[in-house]
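Q: one predicted model, sequence on top.
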Amino acid sequence: MTGVDLIIKADYVLTMDRDLSVIEDGAVAVRDNVIAAVGSSVDITGNYTAEKTIGGSDAVAFPGLVNAHTHAAMVYFRGLADDLPLKVWLEEHIWPAENKWLSPGFVGDAVELACLEMLKAGITTFADMYFFSDSTAHAAKEIGMRAVIGAGIVDFPTTTGNNADDYLANAERFIRAWKGDPLITPSIADHSAYACSPDTLRKSKDLAEKYGVLLQVHLSETEWEVGEILKRYGKTPIALLDNIGILDGNVVAAHCVWPTAEEVDILAQKRVSVAHCIESNLKLASGIAPVAKMLKAGVKVAFGTDGAAGNNDLDILSEMSVAAKIHKAVSGDPTALNAKQAMLMATRWGAEALGLGNRTGSIEAGKAADIVIGDLRKPHLMPLYDIFSHMVYAFNRSDVSTVVIDGQIVMEDGKPRTADESGIIGRAMEWGKKISGAKG
């Protein structure tokens with residue numbers, strides 16, 4: 001018998017490996033933060049002995065979900081301004097609120113709330129685009145979340161800088177400080193082609209290549225954006241970024257709601273990954289991204305929640321359920337974006353999009369133990385014929401029971417072990433009173 005730190009047992013183990021293997025009455029052995037073995041419960045318990053065993057009957061184990069695009073700290077602006085077009089929402093409400101409230105303390109407190117919400121929804125990895133990146137990194141690491149954190153770049157003054165050179169210098173410092181961390185992966189986050197000039201975008205890409213990090217960017221999110229960039233530069237946003245040499249396999253483009261057929265091919269050829277944020281796009285009436293066409297062309301598509309100020313939650317389970325249904329309706333094809341594809345987008349493809357495919361996204365020996373256990377003994381999950389169908393069309397965040405990240409149990413039986421839930425909620429309520437009072 002080989003000693004391990006943890007054994008996870010479940011009626012169904014969704015590995016999300018290349019064969020999409022599902023192990024019924026399965027188990028996972030974890031040693032030194034890494035998955036040591038995956039197999040039947042009989043084989044694992046017959047060959048390994050653990051200090052602790054979790055899961056068991058009426059459970060499903062699946063890879064931790066990946067939120068490929070969010071602005072975690074914006075959770076404190078949830079519900080601040082709703083039912084507005086993106087441009088009005090952003091320029092007349094969100095940016096003024098950010099100018100008034102953003103600080104390292106605000107971001108740190110807000111990210112704790114965001115991480116708590118994501119943990120409870122089975123998210124173990126998230127990609128962030130925002131300011132005060134160090135505060136985001138410290139808060140995520142303290143709770144034990146895996147995160148790809150982008151240092152925000154724009155051309156105009158904010159509380160964190162006066163111009164693009166300020167933001168680029170801060171991004172380089174941030175990258176140097178965090179590169180190599182086991183949980184935090186630094187990156188660069190250009191807001192968009194309308195908030196960053198071509199020169200800023202080129203400098204950002206040069207910096208990303210210098211350090212071998214991802215570049216995150218909002219791209220072709222709205223018709224307004226497409227028209228504005230056409231007016232400024234004579235090209236659409238995707239064509240512009242392609243023309244100036246930005247697009248490649250180390251770019252994660254958020255939204256991509258309005259690409260032409262030719263631009264879908266460009267995204268595929270340049271191996272650009274897309275973070276699909278269906279609920280935010282619906283709520284802000286930005287449109288519906290042609291995800292079925294992207295997938296058919298070979299574009300790597302993952303799910304993102306966007307920020308909670310515009311969504312209004314951080315729930316990848318909800319994103320994949322809504323997306324799978326919406327794309328069937330808009331394509332007129334009930335087989336479009338099927339359950340297995342949706343689960344891949346939420347797990348392995350999400351990890352691969354963020355450059356973490358060799359570390360997380362599937363339950364395979366040698367990968368980090370980022371694993372979620374869900375409770376299947378629920379009325380809305382009975383009876384069970386197809387586990388993939390249930391995960392996409394019936395399972396929800398209230399069914400998440402236990403979360404393991406990097407081999408550490410960060411939530412067990414619905415109770416966070418690395419986060420002070422009452423303290424985090426208390427601080428959120430206090431910040432809400434301040435913001436509400438100032439708004440009133």
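A: Good, I have the coordinates.

Q: so which elements touch the helix or strand that contains K296?
A: Using DSSP states H and E, K296 maps to helix 291-297. For helix 291-297, the helices and strands in contact under the criterion 3 or more Cβ pairs under 8 Å, 6 or more residues apart in numbering; DSSP states H and E are helix 261-269, strand 300-303, helix 316-331. Every residue, glycine included, has its C-beta placed from N, CA and C.

Q: how far does the lowest-mean-pLDDT helix or strand in the chain sit from the chain's center?
A: Lowest on mean pLDDT, DSSP states H and E among the helices and strands of the chain sits helix 86-88, with a mean of 85. Its chain's average C-alpha position is 23 Å from that of helix 86-88, according to Cα atoms, centre = their mean, to the nearest Å.

Q: do the same with stretch 366-383
A: 19 Å.

Q: how long is that stretch end to end?
A: One end of stretch 366-383 to the other measures 34 Å (Cα to Cα, to the nearest Å).

Q: buried ones in it?
A: K367, A368, A369, D370, I371, V372, I373, G374, D375, L376, L381 (16 or more other Cβ atoms under 10 Å).

Q: sorry, back to before: what sits up against the helix holding K296?
A: Outside helix 291-297, the residues that touch it by Cβ atoms under 8 Å, 6 or more residues apart in numbering are 256, 259, 261, 264-265, 267-268, 274, 276, 301, 323, 327, 331, 333, 336-337, 341.

Q: any residues touching stretch 76-89, and which ones?
A: Under Cβ under 8 Å, 6+ apart, the answer for stretch 76-89 is 92-94, 97, 101, 106, 109-110, 113, 221-222, 224, 283-286, 307-310, 312-313, 428, 431-432, 435, 439.

Q: just the buried members of those?
A: Among the contacts of stretch 76-89, the ones that count as buried by 16+ other Cβ under 10 Å are 93-94, 97, 101, 106, 109-110, 113, 221-222, 283-284, 286, 307-310, 312, 428, 431, 435.

Q: from these, which land in strands?
A: In strands, defined here by DSSP state E, there are no members of the buried ones among the contacts of stretch 76-89.

Q: of those residues, which belong to helices?
A: A97, W101, F106, D109, A110, L113, K283, A428, W431, I435 (DSSP state H).

Q: just these now: which is nearest E352?
A: Ranked by distance to E352 (Cβ to Cβ), these are led by K283 at 27.4 Å.

Q: show me what contacts that closest one?
A: Contact analysis of K283 by Cβ under 8 Å, 6+ apart lists D82, G310, N311, N312.

Q: cool, and I371?
A: Shown in contact with I371 (Cβ under 8 Å, 6+ apart): I8, V28, V30, A61, F62, P63, G64, I363, V403, V404.

Q: ok, longest strand in the protein?
A: From DSSP E, the single longest strand across the chain is strand 48-63.

Q: rewinding a little: closest to F388 out of the contacts of I371?
A: F62 (10.0 Å).

Q: the residue nearest to that closest one when sequence neighbours are not counted: neighbour count?
A: Leaving out its chain neighbours, the residue that sits closest to F62 by Cβ to Cβ, 6 or more residues apart in numbering is L14, at 4.2 Å. Residues within reach of L14, counting by other Cβ atoms under 10 Å, total 26.

Q: thank you kindly, that will do.
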